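Asks: need coordinates for the following:
(2 chains)
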Protein chains: 2
Amino acid sequence: MARRAGVSVATVSRVLNDAPGVRTDRRRAVRRAARELGFVPHAIARSLARGRTGTLGLIVADLTNPFYAETAKAIVDAARGRGYSVILCNTDNLPRLQAEQIEWLRRQRVDGLLLGSVHLRDPAVERLVNEGFPCVMFNRRLASGQGNWVVLDNVRGAEEATSHFLALGHRRIGFVAGPADFSTAAERLEGYRRALARAGAEPDPRLVRQGHFRSDLAYQAALDLLRADDRPTAILAGNDVTALAVLDAAADLGLRVPEDLALCGFDDTSLSRRREIALTTVAQQKDEMGRLAVGYLLEFIEDPERFRRHPVHHVLPPTLVIRRSCGALRVPMAEHSVRVLQGGAS
Amino acid sequence: MARRAGVSVATVSRVLNDAPGVRTDRRRAVRRAARELGFVPHAIARSLARGRTGTLGLIVADLTNPFYAETAKAIVDAARGRGYSVILCNTDNLPRLQAEQIEWLRRQRVDGLLLGSVHLRDPAVERLVNEGFPCVMFNRRLASGQGNWVVLDNVRGAEEATSHFLALGHRRIGFVAGPADFSTAAERLEGYRRALARAGAEPDPRLVRQGHFRSDLAYQAALDLLRADDRPTAILAGNDVTALAVLDAAADLGLRVPEDLALCGFDDTSLSRRREIALTTVAQQKDEMGRLAVGYLLEFIEDPERFRRHPVHHVLPPTLVIRRSCGALRVPMAEHSVRVLQGGAS
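Replies: Predicted coordinates for the structure are as follows:
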């Protein structure tokens, strides 16, 4: 190849290893010769020898939801710190698209997958798990509980938020839910119901509406809830995107938050921290979730048998972050462990 | 391999092409045999034959800034629609980290790079351009103008915003700038100065402060501006992140927006659209920018000579989006082309 490019062997080596100190014209000549001679680049040759590509696939539901942007950043940074690159895919929560992307990423020979867009029943993900392909779910998991995952204790988070409303004296507490086929949404609904049941409150099915974790649909659901004669005095939203839609609906009906309606979200995304919004919300440790998912996946890749036999089920604790929207800052604090933050520069 | 795995040749073929209809235990046996025999997976073998890997590198400054989350989503979706996967990196605007990531992505043999974190003088990017390596910059570009890029007409955007303030009667207009080594920040400052000069207004250097596009530093810069005896009556912020920090500083000093201070941002991220914030801002076409950058990069990969000889310089038009924060909605509209939006569910 050195002869073909008209340069020294040392120069060829420097160019192919991306080392500095080679003139641009020589660099080009070497690359052209390498292409013409069908030379196998080092990284690919090395990955063939190891049977690895050094890449991970990351599938998220929606990168424009700050929850996913923040976890994706944590994942990309953690993977890179361990020498892995991350191929990113976005599903918009479409199972067919997710199934295509999983196939696609496997054809790219990723060493493992980080799955943030799993449905409770999810044939594409179940197949990965059954085959023992290295993958770690985060945020959401399968109904069966199979496979490896890092999730929030969503039941407890929703229980704490609902109990907080009860402690503030609310009895008609509404819930704007997310899709019933996401574990996050199902578990948060379960936590809401448990807290009501424990308090001896009769759950009123008319107070639970489906908002699909989408601004437009959650806005409609909130309008329906708030237009009823016996409207709720407090609403727990299935996530922060939903809570912001409830804020819009309340404003359009002339209801003040928290004076006329107490409100709590879920996720603690950057929007909620803005003082103009000051949303009380159940916080997730998004950096920690991303870092843990990467750590487990890399261990899985090294030792698949161990992870098949003893899957990791890591449940992170929720924190109720009290801001203005729930109304607690105007009344004496109830007695349970909460973090009180009033927003500010984020 | 079929013999080693104890299955038929057809089964081996199905497993290696990721086709369905193979029992899990057989699938595992084939994969184990493939590993043991050092079988070269199809995708890698094909990429060797073409000298391509079918992957693009995407380098962004900060995925938690909604501007980058929105452009990254557009890029990932557009690339996938064209059969390419995207490896994502985040620089936090550190040039050393960007240089490392470029080297890293090239060792991964990406076919091309999408660069969203370029500095005005940027040796790592300049080297790529000089070598003719397929890459397209978006949002930011080099001082030299070299290479291929898709950017907003930042000068015109800042001119329009500043002229809007002048038309509303403001004479002391402040500017909280971004880093002087980003083309976006430098061009927006230039537009602000041009509008003032054209109006015959004497630019007061004390009205220009450096906020580094960071919440904490922009907040300090805004406090300094707003505590002065002859404080500005309007502020143009270098981007939306900066504008939100100015909002915080104004609130902490007891200044109402827009009554005591008119404010305009830059980017039109989802936060700005919230009715509680209702930020007047210069909008970017983020989806369009992402799609165009991918399109040009794929053409570059197919025909490098053409792009070296005739680089693409695509400048997108800005749109001034008028919301509550500039105060224009309280007074008769000035006569220039603007879009009037009042926020709402985003």
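
Asks: what's opposite residue A:56 in the beta bridge?
Replies: Beta-bridge partners for residue A:56, by DSSP bridges, are residue A:86, residue A:112.

Asks: can you tell me which residues contact it?
Replies: A:79, A:84-87, A:110-114, A:294, A:297 (C-beta atoms under 8 Å, 6 or more residues apart in numbering or on different chains). Where you see a C-beta, it was placed from the backbone N, CA and C, and this is true even at glycine.

Asks: mind doing that once more with 6 Å?
Replies: By C-beta atoms under 6 Å, 6 or more residues apart in numbering or on different chains, the contact set of residue A:56 is A:79, A:84, A:86, A:110, A:112.

Asks: quick one: the helices in the stretch 101-250 of chain A?
Replies: Along the stretch 101-250 of chain A, the segments classed as helices by DSSP state H, counting those that start in this stretch run A:123-131, A:154-167, A:183-198, A:215-227, A:240-252.

Asks: got the angle between the last one and helix A:183-198?
Replies: Just to be clear, that refers to helix A:240-252. Here helix A:240-252 runs at an angle of 60 degrees relative to helix A:183-198 (axes from the mean of the first three to the mean of the last three C-alpha atoms, to 10 degrees).

Asks: and after helix A:240-252, which helix or strand comes next?
Replies: Per DSSP states H and E, the first helix or strand lying C-terminal to helix A:240-252 is strand A:262-267.

Asks: chain center to that next one, what's the gap?
Replies: Centroid separation for strand A:262-267 versus its chain: 17 Å, with C-alpha atoms, centre = their mean, to the nearest Å.

Asks: hmm, that strand touching chain B?
Replies: No: Strand A:262-267 stays clear of chain B (C-beta under 6 Å from any C-beta of the partner chain), getting no nearer than 12.7 Å.

Asks: tell me the helices and strands packed up against the helix or strand following that strand.
Replies: With elements assigned by DSSP H and E, the helix or strand that comes after strand A:262-267 is helix A:270-273. On a contact count with 3 or more C-beta pairs under 6 Å, 6 or more residues apart in numbering or on different chains; DSSP states H and E, helix A:270-273 meets no helix or strand.

Asks: what are the buried residues along helix A:270-273?
Replies: Residues A:270-273 are the ones in helix A:270-273 that count as buried (16 or more other C-beta atoms under 10 Å in any protein chain shown).

Asks: also stretch A:209-218?
Replies: By neighbour count on 16+ other C-beta under 10 Å, the buried set for stretch A:209-218 is A:209-215, A:217-218.

Asks: okay, which residue is most central for chain A?
Replies: Taking C-alpha atoms, centre = their mean, the centroid of chain A lies closest to residue A:68, which sits 4.5 Å from it.

Asks: spatially, which residue comes closest to it, not counting chain neighbours?
Replies: residue A:60 (4.3 Å; C-beta to C-beta, 6 or more residues apart in numbering or on different chains).

Asks: OK, contacts around that neighbour?
Replies: Contacts of residue A:60 (C-beta under 6 Å, 6+ apart): A:68, A:72, A:90, A:116.

Asks: what does the pLDDT read for it?
Replies: For residue A:60, the model assigns a pLDDT of 97.

Asks: and residue A:50, by the same measure?
Replies: 60.

Asks: repeat for the one 4 residues further on
Replies: The predicted local confidence for residue A:54 comes out at a pLDDT of 90.

Asks: which one of the buried residues of helix A:270-273 is nearest residue B:130?
Replies: residue A:270 (38.7 Å; C-beta to C-beta).

Asks: look up how far residue B:247 lies from that closest one.
Replies: 14 Å (C-beta to C-beta, to the nearest Å).

Asks: also residue A:240?
Replies: Residue A:240 sits 19 Å away from residue B:247, taking C-beta to C-beta as the criterion.

Asks: for chain B, what is the nearest residue in the stretch 151-300 of chain A?
Replies: Residue nearest to chain B within the stretch 151-300 of chain A (C-beta to the nearest C-beta): residue A:276, separated by 3.9 Å.

Asks: count the neighbours of that residue for me.
Replies: Residue A:276 has 17 neighbours, counted by other C-beta atoms under 10 Å in any protein chain shown.

Asks: same check on the one 4 residues further on?
Replies: The burial metric for residue A:280, expressed as a neighbour count using other C-beta under 10 Å, is 30.

Asks: residues touching the residue nearest to it when sequence neighbours are not counted, list them.
Replies: Distances taken as C-beta to C-beta, 6+ apart place residue A:326 nearest to residue A:280, at 3.7 Å, with adjacent residues excluded. By C-beta under 6 Å, 6+ apart, the contact list for residue A:326 reads A:262, A:264, A:280.

Asks: hang on, the earlier thing: does the residue of the stretch 151-300 of chain A closest to chain B sit in a helix, a strand or a coil?
Replies: coil (DSSP: H, G, I helix; E, B strand; the rest coil).

Asks: still on that earlier bit, now the contacts of residue A:326 as a markdown table including distance to residue B:159?
Replies: Formatted as a markdown table, the contacts of residue A:326 follow (distance: C-beta to C-beta, whole Å):
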| residue | distance to residue B:159 |
| --- | --- |
| A:262 | 46 |
| A:264 | 44 |
| A:280 | 42 |
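
Asks: Serialize these to CSV and add fields for pLDDT.
Replies: Formatted as CSV, the contacts of residue A:326 follow (pLDDT from 0 to 100):
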residue, pLDDT
A:262, 98
A:264, 98
A:280, 98
